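*Asks:* predicted model and sequence below, questions to follow.
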Amino acid sequence: MAFSEYFGTPDQKRMQELGACLDLLLRDDPRFVCHGRAVQLYDFTDDAVEIVAAIARLVGVSACEDVPRAASPDFRDRLAALGLKTDVISRFDGDGTAVDAARAALADRPLAEDLTIRVVGVDSPSEWLQQFADVALPCGVLPPQGSVMRGISRPGFGMVAVDRSGRPVATAGSVLNHSLRGPRARHAQWGQLATIPERQGEGIAKALGAHALIHSAETLGAVHFKTGIKPGNAPSERLCTGLGLRDSGRDIVIGIDPTAFSADRMTA
């Protein structure tokens, strides 16, 4: 059941399905990462452009997550020369001190009293995952596939904050997206932060994100956290900095197969 839980447009669902298949083949290779959508290359190697392009042709989209910022324009140009659309996201990283920062943030401003956190797990009803998608997608955040949010295909979880009426208000999540046999086995992709428009500005995203950081450390054993922020998104930068994640000076450079996607960028 969980392996059929995909979200977004038909193209995005197809990308997640193909990504899940490719991840089954590559998950023990420490060069690659997957956080429940496409498969991406982590290391910035001499053949990185060609590998990203090859995966994008297979799945629809891929990326290299560790491109030095000064090298990003050339990396994008080389992907474009291979016929791909491109995008770039700044990578923010945090270590164990991010958990301390998250605890401090919650002590200063806890989650709104009318909200309850639901943590998606193996036996959670499908409704919880759909609620996650209902909040995240309109905010431009593509949810991971259900098997990741449930912690089945990879150690991970999704969080949904609901109000007293049961209406979903905000989302967050985390997944150990590197090879569990490699040197970054306890590195987590954290984020998936989204809040419905009428509750934005209340600090809910930061508080729920803090809960997700702490839960990631305590339940997944994560010791390092990373997320991506679109350059110029000052509110997201402030939120992440307040939770102990800093601009790494590295970029996530994305290649998109235009025959698979009409959009110029994928969601966060």
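*Replies:* Thanks, I have it.
*Asks:* next, count neighbours for residue 117.
*Replies:* By the criterion of other CB atoms under 10 Å, residue 117 has 16 neighbours. The C-beta positions use only the backbone N, C-alpha and C, and glycine is treated the same way.
*Asks:* show residues contacting the top helix by length along the chain.
*Replies:* The longest helix of the chain (DSSP state H) is helix 10-26. With CB atoms under 8 Å, 6 or more residues apart in numbering as the test, helix 10-26 has contacts from 3, 6-8, 32, 34, 36-39, 55, 58-61, 142, 144-145, 147, 153-154, 260-262, 266-267.
*Asks:* quick one: the strands in the stretch 101-250 of the chain?
*Replies:* Remark: strands assigned in the stretch 101-250 of the chain by DSSP state E, counting those that start in this stretch are 116-119, 156-162, 168-176, 187-195, 224-229, 246-256.
*Asks:* hmm, who's touching the fifth one?
*Replies:* To tie it back to what came earlier, the one meant is strand 224-229. 65, 89-96, 98, 174, 184, 186-191, 213, 216, 236-237, 240, 245, 248, 252, 268.
*Asks:* buried subset of the contacts of helix 10-26 as a ChimeraX selection?
*Replies:* Buried residues among the contacts of helix 10-26 (16 or more other CB atoms under 10 Å), as a ChimeraX selection:
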select :6,7,8,32,34,36,37,38,39,55,58,59,60,61,142,144,145,147,153,154,260,261,266,267
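*Asks:* among the contacts of helix 10-26, which lie within strands?
*Replies:* Among the contacts of helix 10-26, the members found in strands (DSSP state E) are 32, 34, 39, 61.
*Asks:* quick check: beta-bridge partners of the first one?
*Replies:* Spelled out, that is residue 32. Note on residue 32: beta-bridge partners residue 41, judged by DSSP bridges.
*Asks:* which non-adjacent residue is nearest residue 60?
*Replies:* Setting aside the residues directly before and after it, residue 60 is nearest to residue 260 in space (CB to CB, 6 or more residues apart in numbering), at 3.5 Å.
*Asks:* ok, residue 228 next?
*Replies:* That would be residue 89: by CB to CB, 6+ apart, it lies 3.7 Å from residue 228.
*Asks:* now do the SS call for that neighbour.
*Replies:* strand (DSSP: H, G, I helix; E, B strand; the rest coil).
*Asks:* got the contact list for it?
*Replies:* 228-231, 251-252, 254, 268.
*Asks:* go on, residue 116?
*Replies:* Residue 116 neighbours (CB under 8 Å, 6+ apart): 161-164.
*Asks:* please repeat the previous calculation with a cut-off of 6 Å.
*Replies:* By CB atoms under 6 Å, 6 or more residues apart in numbering, the contact set of residue 116 is residue 162.
*Asks:* is it bridged to anything, and to what?
*Replies:* Judged by DSSP bridges, the bridge partners of residue 116 are residue 162.
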